[in-house]
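Q: Turn this into a structure:
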Amino acid sequence: MRNYPNGIMTLLCTLLLSACGSPIGPIAGGSLKGEVMPWPTDWSIAEECENVLLETNPAKPYSVTIWGVGDQQNFYVAAGKNSNRWAQNIDKNPEVRLDVDGKLYAARAQRVVVEGAEFEKIRQAFVKKYDFDPDPDFKTEGALYRLVPAQ
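A: The predicted structure is shown next:
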């Protein structure tokens, strides 16, 4: 075996590991593992959970680590760009799986209209939880998804 610098070997190992399962930080993964739990009746359980895992594209699972906020019976995730691979996957097939603090839930993603009151309420929830206000271009370049229980 060649003598590669440590950084390259670490990157290669990380890429190989991420291809087999859950995402690692900014590196996407595949299928999320675990038993699917009943949909929560109150998403305040996710208040202290900074990052969640989202799996899209059931035929060829693609999972990412993202931020999310809960609001009563719905959970919301946002893509800063419509061109994000996971957002494109949702636009093709809205069936997703969500991992919040090690618990897996089956869901269906619904795009939220950016001009409505629901969008503003959830935008404020993201600001409060993450102390981060979306880019002013979010309304034209991003996407907000409401996750509801899979049927």
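Q: could you pull out the helices for this protein?
A: Taking DSSP state H as the criterion, the chain carries its helices at 6-18, 85-92, 117-130, 138-141.
Q: bridging residues for residue 111?
A: On the basis of DSSP bridges, residue 111 is bridged to residue 145.
Q: hmm, back to that, per-stretch mean pLDDT over the helices of the chain, give me the minimum one.
A: Sorting the helices of the chain by mean pLDDT places helix 6-18 lowest, at a mean of 48.
Q: what residue lies at the spatial centre of the protein?
A: In the chain, the residue lying closest to the centroid (CA atoms, centre = their mean) is residue 54, at 3.8 Å.
Q: any idea which helix or strand of this structure has the worst average confidence?
A: Every helix and strand of the chain was ranked by mean pLDDT, DSSP states H and E. The lowest is helix 6-18, at a mean of 48.
Q: The closest residue to residue 39 other than its chain neighbours: neighbouring residues, count only.
A: The shortest distance from residue 39 to any non-neighbouring residue, by CB to CB, 6 or more residues apart in numbering, is to residue 149 (3.9 Å). From N, CA and C alone the C-beta is placed, and that goes for glycine too. Using other CB atoms under 10 Å, residue 149 has 14 neighbouring residues.
Q: same thing with residue 150?
A: Residues near residue 150, counting by other CB under 10 Å: 14.
Q: Surely it touches residue 94?
A: No: using CB atoms under 8 Å, residue 150 makes no contact with residue 94, being 9.4 Å away.
Q: list residues touching both of those two?
A: Jointly contacting residue 150 and residue 94 under the rule CB atoms under 8 Å, 6 or more residues apart in numbering are residue 108.
Q: Next, report how far stretch 63-79 is displaced from the centre of its chain.
A: Counting by CA atoms, centre = their mean, to the nearest Å, stretch 63-79 is centred 6 Å from the centre of its parent chain.
Q: ok, now which ones touch residue 127?
A: residue 133.
Q: and with 10 Å instead?
A: Contact analysis of residue 127 by CB atoms under 10 Å, 6 or more residues apart in numbering lists 69, 133-134.
Q: what's the answer for residue 138, then?
A: For residue 138, the contacting residues are 78-81, 114, 119, 123, 144, by CB under 10 Å, 6+ apart.
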